[in-house]
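> pasting a predicted model and its sequence here:
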Amino acid sequence: MESSFNEQFDQYGIWRRGFAQQLNALREWLSGQDLLDFAVQQRLQRLEAQVRSDKLMVAFVAEFSRGKSELINAIFFAHYGRRLMPASAGRTTMCPAELGWESDARPSLRLLPIDTRESMESLAQWRMRTDAWVEYPLDVANAEQIADTLSKVAEVRKASVAQARAWGFWHDEDADDNPLQDAEGWVEVPMWRHALINMPHPLLRQGLVILDTPGLNAVGAEPELTVNLIPQAHAVVFVLGADTGVTKSDLAIWREHVLPAGGEALVESRLVVLNKVDTLWDSLSTGSQVQAQVRRQCEESARMLGVPLERVLPVSAQKGLVAKVGDNAALLQASGLSAFEQLLASGIMGQRQKVLQAAVAANVQQLRTEVERVINIRRGDLDDQGAELRNLRGKNATVIASMRGRIENEQREFDSSAAKIHALRTVQMRMLKDLFQLLSSGTLQKELGELKDALDQRGFKLGARKIYTETFERLHAVSDQAHKQAADVQSMLSATFKELNAEFGFSLQSPPPMLLAEFTDDLRNIESSYTQYLGFGNALKLSSSAFSQRLIKALAMRLRTVFESAANDVDLWSKSVTAPLDAQLRERKRSFSRRLEAIDRIQHAATGLEERIGEIEAAESRLDVLQAQLAKASVSLLSPLDEEHVPVQATALDISLVA
């Protein structure tokens, strides 16, 4: 039987925790063997941070009253025995809500007042201002208190039409979607702009983030939500009403925010739920007639949204929740909730696990390569020392003294490489400085300047689309230049490594090229996700100064993250490609000390030669054991999930320390 989403995420968390424990064991073992150089340490830290901090965001998107919050209750919170998110008639989520867990903060509901939209500060900037949020504590042992507190996300307030227009809830050009005015001319708008729910729920503790979004007006008024959070979600669940099918507003949300034009690559991470299917259950119709009607609704929805039929699932979230609370297996099966959870688990969770495991596999292989490099350097030095000492068998004191003089000459020649290595590091730092400058926030700010000026203008911004295109042409040129400069650094290092090998006997391999493929791909994805806001259809919305400024700030923030990530990749690559040089310097110095020490022992003791040869042979055997243990540890770290996504039981690495 396939796992539910909750079960699979539990297993995913077990795998991640076990992996982190194995990394710690590996770090201690490497440290004990004096194999933990800077590059290896950096690789371990990156692996551990990647696995420990990995978040899985599932965004639920729908127009109002599609049962989205009820679906969240049914999937994630049924074990509380009641609803947590407001989902009763007349009570629904009115503002975007993020559910997650941050261990350094207490369980709470934090709410950002809606009037912060009058400010030009971005949502991310408001996140940093804790004093601007209204906070309510959550009693995690009291489900009723949690539900009562979370009901605040459904609160509304009265506002004038002018206020509603300024906050993005009133559009003169599209009166059909505007809120109704009361007798005094007031309209209802959400009380809050954004909600952050911090709960130590088992799934949230393991890195799950749930994004609950309200209807079209609320979603469309918040650019950071629609162009940053939703596109970056690992899964987006789009909820329709089975009784209504795809309405005009549903189609608008889908095309503008869930799967915009050019977003075909995102189809695999998009699921469509045809909710409230129980409204089609009709006692006057036969079971086959009801099933035929449900199938027609699914087929029509799939056709209108342009997704495969198998990604549209009929569900009754309300019946599914009732079935889970009442432990009614038959009703749960009829609700379709189990089938949806299995698709969410095997599809979305499975894809996320594959992506993370692929990244882990690549890093573990690089880690193993870097450690084996140090082991092989030691093995080569031991081989040389062993051959050198075996040649001394039967030789007199004069020959041994001559050998000592030759080793000292080699040491002096090796020490003379310091000037060459210093010159290498100077050139490398200068070239990297230019590359880091290219990927800096200053460069990004400069390239966005013209677009920012265009969006800051009052009124219609009909030329913004052209300027936007030109801006991204320049950003793509920055990416091309970064690749070129990275290639120049790699070429310089390769040439210098060859010189060091020829002049001073190093055994340095040509460093691998620095790849910035993610940087290029991210730029393309960002460009396509924002294009929709600059077309003619959004010209009126873009004419709003508040909206256009929030849009450019959201764009700048997302691009800044991409630029910083690329700079971090460059920094790690630079450190890892020079690590072999550092390792050979360290090991060669150690080798000279040991060779001279061996000669001194041989000169002062008749048995010193054979003892030292025996020590070298024993050390070579220990290196073989180290390499075998490293291979075993690497295989253990890469233990995959089986076909049912059940992780191999995490155990401490079976590594015995070797003296």
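In hand now; what should we look at?

> and the strands in the stretch 1-150 of the chain?
With DSSP state E, counting those that start in this stretch applied, the stretch 1-150 of the chain shows strands at 56-62, 97-100, 108-113, 134-137, listed in chain order.

> over to the chain?
Taking DSSP state E as the test, the strands found in the chain are 56-62, 97-100, 108-113, 134-137, 156-159, 187-190, 192-198, 208-212, 235-241, 270-275, 312-314.

> quick revisit: and the strands of the stretch 1-150 of the chain, which is most packed in?
The highest mean neighbour count among these belongs to strand 56-62 (a mean of 25), with neighbours defined as mean count of other C-beta atoms under 10 Å. Bear in mind the C-beta positions are built from the backbone N, C-alpha and C, glycine included.

> just to revisit the earlier point, looking at the strands of the chain, which is nearest to residue 38?
strand 56-62 (31.6 Å; C-beta to C-beta).

> how far away from the center of its chain is that closest one?
Here strand 56-62 shows a centroid-to-chain-centroid distance of 15 Å under the convention C-alpha atoms, centre = their mean, to the nearest Å.

> repeat for stretch 593-602
Distance of stretch 593-602 from the chain centroid (C-alpha atoms, centre = their mean) equals 52 Å.

> now the strands of the chain as JSON lines including mean pLDDT and distance to residue 472?
Formatted as JSON lines, the entries for these read as follows, by pLDDT from 0 to 100; distance: least, C-beta to C-beta, whole Å:
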{"stretch": "strand 56-62", "mean pLDDT": "87", "distance to residue 472": "25"}
{"stretch": "strand 97-100", "mean pLDDT": "90", "distance to residue 472": "29"}
{"stretch": "strand 108-113", "mean pLDDT": "95", "distance to residue 472": "31"}
{"stretch": "strand 134-137", "mean pLDDT": "95", "distance to residue 472": "39"}
{"stretch": "strand 156-159", "mean pLDDT": "90", "distance to residue 472": "37"}
{"stretch": "strand 187-190", "mean pLDDT": "88", "distance to residue 472": "33"}
{"stretch": "strand 192-198", "mean pLDDT": "93", "distance to residue 472": "28"}
{"stretch": "strand 208-212", "mean pLDDT": "87", "distance to residue 472": "27"}
{"stretch": "strand 235-241", "mean pLDDT": "90", "distance to residue 472": "24"}
{"stretch": "strand 270-275", "mean pLDDT": "92", "distance to residue 472": "25"}
{"stretch": "strand 312-314", "mean pLDDT": "93", "distance to residue 472": "34"}
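
> got those as a markdown table, with distance to residue 409 columns?
Compiled in a markdown table, the strands of the chain are given as follows (distance: least, C-beta to C-beta, whole Å):
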| stretch | distance to residue 409 |
| --- | --- |
| strand 56-62 | 61 |
| strand 97-100 | 64 |
| strand 108-113 | 70 |
| strand 134-137 | 72 |
| strand 156-159 | 86 |
| strand 187-190 | 81 |
| strand 192-198 | 67 |
| strand 208-212 | 63 |
| strand 235-241 | 66 |
| strand 270-275 | 69 |
| strand 312-314 | 77 |
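
> nearest to residue 239, of the strands of the stretch 1-150 of the chain?
Proximity to residue 239, assessed across the strands of the stretch 1-150 of the chain by C-beta to C-beta, is greatest for strand 56-62 (3.7 Å).

> okay, now the sheet partners of that closest one, with direction.
strand 208-212 (parallel), strand 235-241 (parallel) (DSSP bridges).

> distance check, the closest residue to residue 271 other than its chain neighbours against residue 213.
Spatially, and ignoring its direct neighbours in sequence, residue 271 is nearest to residue 237 (5.1 Å; C-beta to C-beta, 6 or more residues apart in numbering). Separation of residue 237 from residue 213 (C-beta to C-beta, to the nearest Å) stands at 10 Å.

> my read: residue 431 touches residue 492, true?
Yes: with contact defined as C-beta atoms under 8 Å, residue 431 counts as touching residue 492 (6.7 Å).

> picking that back up, winner for burial among the strands paired with strand 56-62?
Per residue and on average, the most neighbours among the strands paired with strand 56-62 fall to strand 235-241, with a mean of 24 (mean count of other C-beta under 10 Å).

> gap between that strand and the chain center?
Once both centres are worked out by C-alpha atoms, centre = their mean, strand 235-241 turns out to sit 22 Å from its chain's centre.

> just give me the neighbour total for the closest residue to residue 9 other than its chain neighbours.
Take residue 9 and drop its neighbours on the chain: the residue closest to it by C-beta to C-beta, 6+ apart is residue 203, 5.2 Å away. The number of residues packed around residue 203, counting by other C-beta atoms under 10 Å, is 24.

> quick one: common contacting residues for residue 237 and residue 213?
Residues touching both residue 237 and residue 213 (C-beta atoms under 8 Å, 6 or more residues apart in numbering) are 59-61.

> what is the nearest of the residues you listed to residue 620?
residue 59 (56.5 Å).

> sorry, back to before: distance to residue 75 for the strands paired with strand 56-62 - can I get that in a markdown table?
Putting these into a markdown table (distance: least, C-beta to C-beta, whole Å) gives the following:
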| stretch | distance to residue 75 |
| --- | --- |
| strand 208-212 | 9 |
| strand 235-241 | 9 |
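
> of all those, which lies closest to residue 627?
Each of those has some distance to residue 627 by C-beta to C-beta; the shortest is strand 208-212, at 39.2 Å.

> and the contacts of the closest one?
Counting by C-beta under 8 Å, 6+ apart, strand 208-212 makes contact with 9, 55-60, 68-69, 72, 76, 85, 93, 96-100, 204, 229-230, 233, all of which sit outside it.

> and the angle from that strand to strand 192-198?
Taking axes from the mean of the first three to the mean of the last three C-alpha atoms, to 10 degrees, one finds strand 208-212 and strand 192-198 inclined to each other by 160 degrees.

> off-centre distance for the longest helix along the chain?
Looking only at the chain and at elements set by DSSP state H, the helix with the highest residue count is helix 545-604. Distance of helix 545-604 from its chain centroid, counting by C-alpha atoms, centre = their mean, is 21 Å.
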